[in-house]
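A.B. asks: Would you be able to build a 3D model of this:
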Amino acid sequence: MTTESVEKTLIVFKPDAIQRGIVGEILTRFERVGLKIVATKMIAPTKEHFYKHYEEIGKMITRRGQDKFDITLEMMVQGPVIAMVLEGVEAVALVRKLVGTTEPKSALPGTIRGDYSHMSFGYADGEGKGIPNLIHASGDEAEAQQEIDHWFSDDELYDYSVLNEKFTR
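C.D. replies: Numbers count the residues shown, from 1 in each chain. All right, here's what the predicted structure looks like:
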């Protein structure tokens, strides 16, 4: 019996990824491993929207403190974001592996953060700024479902077939 399953996960291209013009390069990495885009939109969420995302779902204040939350919130409202739902076999873990660790300085070469960002938590903390790490990726299946429900309505999620599904299902 296989333990693999087809999952959906949320990614959010943060303002720094959009402002640098590297969304296409990053998105290509997800598509090349066989992940399918089932929802996408560019939006400028309110602070309330991000509060629900980062605290009510992600428990950021609880885990990292109010100061880190406030800095992150200010960074996230600096421009629009692109939210996407990706689908594929074990999509949550696969996306996390491709994105790399949260701190860009510690992210391995070959990961999105390892290749496209460089800042350390220490430097960002010393400067009192958020860490530009390009992309948000859901942490686990339960978080992914809550985040998808927060960012997208059911009628914004699409079900269609792509060629590689012939080989992965």
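
A.B. asks: How far does stretch 14-25 stretch from one end to the other?
C.D. replies: This stretch, stretch 14-25, spans 14 Å end to end (CA to CA, to the nearest Å).

A.B. asks: Can you list the neighbours in contact with it?
C.D. replies: 13, 26, 75-82, 116-117, 132-136 (CB atoms under 8 Å, 6 or more residues apart in numbering). C-beta here means a position set from N, CA and C on the backbone, and glycine is covered the same way.

A.B. asks: Ok, stretch 132-141 next?
C.D. replies: 7, 9-14, 16-17, 20, 22, 26, 58, 75, 92, 95-96, 99, 102-104, 112-113, 116-117, 119, 144, 147.

A.B. asks: just to revisit the earlier point, write the PyMOL selection for whichever of the contacts of stretch 14-25 are buried.
C.D. replies: Here is the PyMOL command that selects only those of the contacts of stretch 14-25 that count as buried (16 or more other CB atoms under 10 Å):
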select buried, resi 13+26+75+76+77+81+82+116+117+132+133+134+135+136
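
A.B. asks: now, which of the contacts of stretch 14-25 lie within helices?
C.D. replies: The helices, defined by DSSP state H, take in 26, 75-76, 116 from the contacts of stretch 14-25.

A.B. asks: residues of the helix or strand hosting residue 142 that come out buried?
C.D. replies: For residue 142, the host element (DSSP states H and E) is helix 141-151. By neighbour count on 16+ other CB under 10 Å, the buried set for helix 141-151 is 141, 143-148, 151.

A.B. asks: and it, average pLDDT?
C.D. replies: When pLDDT is averaged along helix 141-151, the result is 98.

A.B. asks: Could you check how far residue 26 is from residue 122?
C.D. replies: When distance is defined by CB to CB, to the nearest Å, residue 26 is 25 Å away from residue 122.

A.B. asks: Residue 138 too?
C.D. replies: From residue 138 across to residue 122, the span is 26 Å (CB to CB).

A.B. asks: go on, residue 102?
C.D. replies: Residue 102 is 14 Å from residue 122, by CB to CB.

A.B. asks: who's more crowded, the two?
C.D. replies: Using other CB atoms under 10 Å as the criterion, residue 102 and residue 122 rank with residue 102 on top: 14 against 10.

A.B. asks: Chain neighbours aside, what residue packs nearest to that one?
C.D. replies: Nearest residue to residue 102 in three dimensions, chain neighbours excluded: residue 133, at 6.2 Å (CB to CB, 6 or more residues apart in numbering).

A.B. asks: Sounds good, over and out.
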